[in-house]
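Asks: A structural model of the following input is requested.
(one chain, ligands or ions: 1)
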Amino acid sequence: MRVAQAIEFGGPEVLVPAEAPAPEAGPGQVVLDVAAIDTIFVETQIRSGQWEDYFPVRPPYVPGGGVAGTVRAVGAGVDEAWLGRRVAASTGFTGGYAEQVAAAAEALAPVPDGVSLTEAAAVIHDGVTATAVIDATGIKPGERVLITGASGGMGTLLVQLAKAEGAYVVGVARGERKTALVRDFGADAVVDAASPDWPERAREALGGTGADVVLDGVGGDVGLAAFALTADGGRFSAHGAPTGDFAPVDPREAEHRAVRLLGIADLQLSAAAHAEMATRALAALETGALRPVIGATFPLERASDAHVAIESRQLVGKVVLTV
Ligand SMILES: NC(=O)c1ccc[n+]([C@@H]2O[C@H](COP(=O)([O-])OP(=O)(O)OC[C@H]3O[C@@H](n4cnc5c(N)ncnc54)[C@H](OP(=O)(O)O)[C@@H]3O)[C@@H](O)[C@H]2O)c1
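Replies: Here you go, the predicted model:
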């Protein structure tokens, strides 16, 4: 079968089309004919080698771990009723950029009829993580929520989910096109991260005392500035590091200000919990309560171009690979 393989750590050009043996369904597993493959920012960081110490991934490897497709085979102990069903699944951090993928049956989320497999792939990571972030922070109606990276794959979903909880949402995004998009998704105010005084503008928009909840998908200096905008007694979720680092928050300061810190460790889910949240996200797609933003699709063979597009930061929304 065809795959896209990273032959070494490096730039997007290390991602090349290749052939690999088709997977077989082991006990408790299914094999999918993949129709659409999610791409997420962290996959570009893993490919570059910069996060070699954090992920047990070494080249050559097939990147990707979020797919949507049709079940073609079931392994021992798996209900045959899955055969032919449209599903989405997470397979971890590798093996996803492929024509066929083996996945644990407990990781499968059925895709509702009204949802395309491309849309399903677009939420298999972002929709799940965004749902987990909203659950973990326990946003209540009327709370003021600041979202950095609000125009990203996950950010756009967080804006919609926080609004659905009845929050007052202030988004941080870069440039006119991206700030307009975040406003379209229902943010009450949007500040432009390209403007050096964005933290002051965000404070004004939040109403002086700061945010009850900050959802930081950017990290680095942006995350640190967002931490300063967290109201005393609030919650701060540091779940993103596209800048290369999570927000370098001083835990003593957080304790002093009674700010509850949440991080990526609070978002680790079992396969079954992941599938349950994916099912919730897919149901929200079907009703129109949640809309993913797919900025571009590329065929599997052009996975390297997909990574170029993600890293360029010019696209609005996310990139999905199609088979
Ligand atoms: N997707 C998931 O399921 C998941 C799970 C766990 C953690 N995370 C983390 O959450 C973060 C956001 O993920 P995502 O999938 O939503 O990514 P994404 O779609 O690429 O969004 C990244 C966001 O960060 C902003 N950004 C600011 N500074 C940046 C920089 N130096 N480089 C790149 N982007 C920068 C981007 O906006 P501008 O380019 O306009 O500034 C964009 O809004 C990532 O750190 C990711 O590792 C994601």
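
Asks: neighbours around residue 72, how many?
Replies: 16 (other CB atoms under 10 Å). Glycine gets a C-beta too; all of them are placed from N, C-alpha and C.

Asks: in the stretch 201-323 of the chain, which residue sits nearest the ligand?
Replies: Going by CB to the nearest ligand atom, the ligand is nearest to residue 240 of the stretch 201-323 of the chain, at 2.8 Å.

Asks: gap between the residue in the stretch 101-250 of the chain positioned nearest to the ligand and residue 143?
Replies: Ranked by CB to the nearest ligand atom, the top residue of the stretch 101-250 of the chain for proximity to the ligand is residue 152, at 2.3 Å. Distance, residue 152 to residue 143, using CB to CB, to the nearest Å: 22 Å.

Asks: contact partners for residue 173?
Replies: The contact partners of residue 173, by CB atoms under 8 Å, 6 or more residues apart in numbering, come to 149, 150, 151, 155, 179, 181, 182, 190, 192, 193.

Asks: could I get the residues you listed in JSON lines, plus columns for neighbour count, secondary structure and pLDDT?
Replies: JSON lines is the format used below for the contacts of residue 173 (neighbours: other CB atoms under 10 Å; DSSP: H, G, I helix; E, B strand; the rest coil; pLDDT from 0 to 100):
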{"residue": "149", "neighbour count": "29", "secondary structure": "coil", "pLDDT": "97"}
{"residue": "150", "neighbour count": "31", "secondary structure": "coil", "pLDDT": "97"}
{"residue": "151", "neighbour count": "28", "secondary structure": "coil", "pLDDT": "96"}
{"residue": "155", "neighbour count": "28", "secondary structure": "helix", "pLDDT": "96"}
{"residue": "179", "neighbour count": "22", "secondary structure": "helix", "pLDDT": "97"}
{"residue": "181", "neighbour count": "23", "secondary structure": "helix", "pLDDT": "97"}
{"residue": "182", "neighbour count": "25", "secondary structure": "helix", "pLDDT": "97"}
{"residue": "190", "neighbour count": "26", "secondary structure": "strand", "pLDDT": "98"}
{"residue": "192", "neighbour count": "15", "secondary structure": "strand", "pLDDT": "98"}
{"residue": "193", "neighbour count": "23", "secondary structure": "coil", "pLDDT": "97"}
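
Asks: I'd like to know which of these is nearest to residue 293.
Replies: residue 181 (6.9 Å; CB to CB).

Asks: now for that closest one: which residues touch it?
Replies: So residue 181 contacts 151, 156, 173, 293, 316, 317 (CB under 8 Å, 6+ apart).

Asks: among those residues, which are in strands?
Replies: The members of the contacts of residue 181 that map onto strands under DSSP state E are residue 173.

Asks: TSV for the contacts of residue 181, including distance to residue 210?
Replies: Output for these, formatted as TSV (distance: CB to CB, whole Å):
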residue	distance to residue 210
151	22
156	23
173	19
293	28
316	28
317	29
